[in-house]
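1. Curious how this folds, go ahead:
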Amino acid sequence: MKTMSAREAKNSFGLMIDTARAGPAPIEKHGRGVVVALAVEEYERLKAIEAGRMVELAQERNAGDASFDYADAEQGRIETVKEKGFYILPSHLFANVRQRVRRVANLNETLSRVFKDIEGSVIGADSEDDFTTRKAELRTAIDVIVADLEGSEA
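-> Numbering: from 1, shown residues only. I've put the predicted structure just below:
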């Protein structure tokens, strides 16, 4: 990831755009990060992840205890990502997905959303690069889970 100064970004705007299209392009002012230029596709992907996270948080709130402190839960999510490298919402845990399997219209879409939320939990974390290299392993694990859940429907 190439960091540019604000002056470089201004004077070489085309280069900054090309850099951002290849990956996040941090821009510094006086030696401190102030903005990150992103390709539109990456921005849309991040917005979708955040929208999904907000929907899931609302679902967690609706399913849970009204007195639960969600600010503490968010801090817990941050700490879990630091410690484990990723985060899984309680509703995404295998046991909870399995309980809902008969009510889920499209299991593959549900598991795809779970996977995207887990992937979104590592963005910006130290584990992001490691997670990216493990996507294929996770996809195989998801295929095994789908087969198991589809078998439990019978």
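
2. Please count neighbours and contacts with C-alpha atoms only from this point.
-> OK.

3. what's the helix or strand for the residue nearest the centre of the chain?
-> The residue lying closest to the centre of the chain (C-alpha atoms, centre = their mean) is residue 120, at 0.6 Å. Assigned by DSSP states H and E, residue 120 belongs to helix 107-121.

4. which helices and strands sit right next to that helix?
-> Packed against helix 107-121 by the contact rule (3 or more C-alpha pairs under 8 Å, 6 or more residues apart in numbering; DSSP states H and E) you find helix 40-63, helix 135-153.

5. how's the protein carved up into domains?
-> Domain ranges of the chain: 1-38, 40-153, per automatic domain parsing.

6. ranking these by mean pLDDT, which is last?
-> Mean pLDDT is lowest for domain 40-153 among the domains of the chain, at a mean of 74.

7. thinking again about what came up before, any chance of the helices and strands packed on helix 107-121 in TSV, plus mean neighbour count and distance to residue 128?
-> As requested, those are exported to TSV (neighbours: other C-alpha atoms under 10 Å; distance: least, C-alpha to C-alpha, whole Å):
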stretch	mean neighbour count	distance to residue 128
helix 40-63	14	14
helix 135-153	13	11
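
8. Make CSV out of those and add distance to residue 86.
-> Listed next are the helices and strands packed on helix 107-121 as CSV, based on distance: least, C-alpha to C-alpha, whole Å:
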stretch, distance to residue 86
helix 40-63, 14
helix 135-153, 12
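
9. before we move on, back to that, just give the closest residue to the residue nearest to the centre of the chain, not the sequence neighbours.
-> If the residues on either side of it in the chain are set aside, residue 120 comes closest to residue 49, at 6.0 Å by C-alpha to C-alpha, 6 or more residues apart in numbering.

10. For residue 76, find the nearest of the helices and strands packed on helix 107-121.
-> Proximity to residue 76, assessed across the helices and strands packed on helix 107-121 by C-alpha to C-alpha, is greatest for helix 40-63 (13.6 Å).

11. Show me the contact partners of the helix or strand harbouring residue 27.
-> Following DSSP H and E, one finds residue 27 within strand 25-29. With C-alpha atoms under 8 Å, 6 or more residues apart in numbering as the test, strand 25-29 has contacts from 1-6, 9, 16, 19, 33-38.

12. which phi and psi does residue 126 have?
-> Geometry field for residue 126 lists phi and psi as phi -60, psi -30, criterion degrees, to the nearest 10.
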